Each structure stands twice: as C-alpha cells, then as structure tokens.
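1. could you look at this predicted model? Sequence included:
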Amino acid sequence: MKIDRRFTSRRQNPYEGITFVKRSSEIRNPDGSTVFKLENIDVPEAWSQLAIDILAQKYFRKAGVPQRDQNGQPAIGPDGKSVLVSR
C-alpha cells in the first residue's frame, strides 16, 4: 500500500504552519463550583473554547495517575499499592 503525501512537504515540520497560543480551561458545576481547571494549555489559535475544554477535560485529566511523595517517589498506600488521583 502506498500513501501519497498531501498536506506537508518533505523535511518540513507538520506544525510549522499552525500558530499555537496559551489558553485556559475551566469546567464549572451549575452552582458555580469548579469541577476542572487547567491553565496555560498550548492549543492552535483557531480552536474554539469548547474544543479547548474537551481537549483539557479528556486528555489532561489526572484520574488514575499515580501520586508522588515529597521526594518524587510513587506514593504507596497502607495496602501496599500505588495511591492514584481519583479525579
């Protein structure tokens, strides 16, 4: 199978033509409390706030990520297992 190049040139970075900017995402409950907040995300300049919120909420969330102690080592709970971020 052969796939022809269509949108990039050889030896050209595919991100070269895209302008990236820093944006923030904050998801709130109806009562105004913050559910999720992330600042200084590099996103394409043309993206809408909804697209940024989806990216941040789905791909930058911390659920299931092992926590670390003050020495940078994985935190171990009383059961001997890694302590995970719950949300």
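-> Noted; the coordinates are in hand. Because the structure is predicted, anything quoted here is derived from the model rather than measured.

2. which residues sit in contact with residue 26?
-> 34, 36, 37, 38 (Cβ atoms under 8 Å, 6 or more residues apart in numbering). In short, each C-beta sits where N, CA and C put it, glycine included.

3. before we move on, what about residue 22?
-> Counted by Cβ under 8 Å, 6+ apart, residue 22 has contacts 40, 41, 42.

4. look up the closest residue to the one residue sitting closest to the centre of the chain, ignoring the ones flanking it.
-> The chain has residue 60 as the residue nearest its centroid, 2.7 Å off, counting by Cα atoms, centre = their mean. Once flanking residues are discounted, residue 60 sits nearest to residue 38: 5.6 Å by Cβ to Cβ, 6 or more residues apart in numbering.

5. now the one you found: which helix or strand?
-> strand 34-44 (DSSP states H and E).

6. mind listing what's buried along that strand?
-> If you call a residue buried by 16 or more other Cβ atoms under 10 Å, then strand 34-44 has these buried ones: 38, 41, 43.

7. related to what we said a few turns ago, can I get the contacts of residue 26 in a markdown table with pLDDT and distance to residue 54?
-> Below are these laid out as a markdown table (pLDDT from 0 to 100; distance: Cβ to Cβ, whole Å):
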| residue | pLDDT | distance to residue 54 |
| --- | --- | --- |
| 34 | 83 | 17 |
| 36 | 78 | 11 |
| 37 | 83 | 15 |
| 38 | 85 | 12 |
